[in-house]
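Engineer: Build the 3D model from these lines:
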Amino acid sequence: MTRRTLVQLLATVRPGLSQPPAPKPPGVPADDFTCPMDKEVRQKGPGKCPRCGMKLVADLPKHVDYNLQIATEPRLVKAGVPAAMRFTVRHPATNQTVRDFELIHERIFHLFVISDDLRFFAHEHPEQQLDGSFCLALKLPFVASYRVVADFFPKGGTPQFLTETIFTVGARLKTKPQLVGNVFPQQAKNLKVALTMEPAQPIAGQETLLFFKLDPPEAIEQYLAAWGHMLVASDDLIDIVHDHPLYVDGVAPPDLKAPSPSQVQFNIIFPRASVYRVWVQFQRKGVVNTAAFTVPVRTLG
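Structural biologist: Model prediction:
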């Protein structure tokens, strides 16, 4: 089975990208091309990733963490009041603002915002400014801390998955929320999403298959160059992963030219015994539907 790279807050990067294939000697053509985002996708010769559509790359450079700076206006963010957020990416060697980025799923900057109690979730795309920074106006609804996750790919570098934390006025550090498992079908804006898992009880460290059945299956459209997007976060917000479908209607790799699917499958390895919130997004008739599930994960035995 294909294993997705898990991103842990302690590393704040995609650790599986830290040891890329060694480059070929000068004059020797590369024969192993890899997707920078879905690094398990490899082939002989150039092409595009069948999962995300990104250009396959030969001899990815060694992973280096970039620096992410966040500024807000006003500086003290109040719950329920819109605030302007500015995100600046700086090169780790020069500290210069990075201005050039690779396109990832039709955008050059994906932003996820999650409240500490996991009630609030947002998937946004800040707009790049003339100075190279990215700006977004966002209203944080609760007095809480919010994990901010930036997903981008600087040209000449490797994909980055960086996290920071923003506090609204009055917020305090909290213990992790007491979540109760909920894998019942969820009704989103114009789509019902039902989840089944194999195994039904996920085990930490072992692969879990997540099958999402879409009802009605008509008029399902690609959302950001994929049949769906999934973000998974542990209840303490240490483990976070952004993933894309592995199978669509039982076919792998997913056919991006196929008709409207009725079932979309993601595979994941939950690293620890914990409770995880799973957000999935599908587009139907131009409407982005977000469904949330709560999945308890146990140890073996």
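Engineer: residues in contact with residue 242?
Structural biologist: By Cβ atoms under 8 Å, 6 or more residues apart in numbering, the residues touching residue 242 are 7, 110, 112, 149, 151, 161, 229, 230, 231. C-beta coordinates here come from the backbone N, C-alpha and C atoms, glycine included.
Engineer: State the mean pLDDT of whatever helix or strand it lives in.
Structural biologist: If you go by DSSP states H and E, residue 242 is part of strand 239-243. Strand 239-243 carries an average pLDDT of 94.
Engineer: taking the mean pLDDT, what do you get for the host helix or strand of residue 278?
Structural biologist: Residue 278 belongs to strand 274-284 when assigned by DSSP H and E. Strand 274-284 shows a mean pLDDT of 98.
Engineer: Which pLDDT does the model give residue 104?
Structural biologist: Value for residue 104, per-residue pLDDT: 89.
Engineer: Also residue 10?
Structural biologist: For residue 10, the model assigns a pLDDT of 32.
Engineer: now residue 301
Structural biologist: Turning to residue 301, the model gives it a pLDDT of 72.
Engineer: what number of residues lie near it?
Structural biologist: Around residue 301 there are 4 other residues, counting by other Cβ atoms under 10 Å.
Engineer: Ramachandran coordinates for residue 290?
Structural biologist: Here is the backbone geometry of residue 290 (degrees, to the nearest 10): phi -120, psi 120.
Engineer: picking that back up, partners of the strand holding residue 242 in the sheet?
Structural biologist: Taking DSSP bridges as the criterion, strand 239-243 sits next to strand 7-8 (antiparallel), strand 229-234 (antiparallel) in its sheet.
Engineer: Any chance of those strands in a markdown table with mean neighbour count and distance to residue 132 as columns?
Structural biologist: Listed next are the strands paired with strand 239-243 as a markdown table, based on neighbours: other Cβ atoms under 10 Å; distance: least, Cβ to Cβ, whole Å:
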| stretch | mean neighbour count | distance to residue 132 |
| --- | --- | --- |
| strand 7-8 | 20 | 24 |
| strand 229-234 | 22 | 26 |
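Engineer: wait, what's in contact with the nearest residue to residue 217 once chain neighbours are set aside?
Structural biologist: Spatial nearest neighbour of residue 217, excluding adjacent residues (Cβ to Cβ, 6 or more residues apart in numbering): residue 262 at 3.6 Å. Shown in contact with residue 262 (Cβ under 8 Å, 6+ apart): 213, 214, 215, 217, 220, 249.
Engineer: ok, back up a step: quick one: which of the contacts of residue 242 has the lowest pLDDT value?
Structural biologist: Among the contacts of residue 242, residue 7 carries the weakest pLDDT, at 38.
Engineer: Okay, now the unreliable bits of the stretch 1-150 of the chain?
Structural biologist: Scanning the stretch 1-150 of the chain for pLDDT under 70 picks out 1-31, 39, 51-53.
Engineer: Tell me where it has helices.
Structural biologist: Under the criterion DSSP state H, counting those that start in this stretch, the stretch 1-150 of the chain carries no helices.
Engineer: Angles on the backbone of the residue nearest to residue 217, please.
Structural biologist: According to degrees, to the nearest 10, residue 262 has phi -110, psi -20.
Engineer: So it versus residue 219, what's the distance?
Structural biologist: 12 Å (Cβ to Cβ, to the nearest Å).
Engineer: Ok, residue 146 next?
Structural biologist: Plainly put, residue 146 is 33 Å away from residue 219 if you go by Cβ to Cβ.
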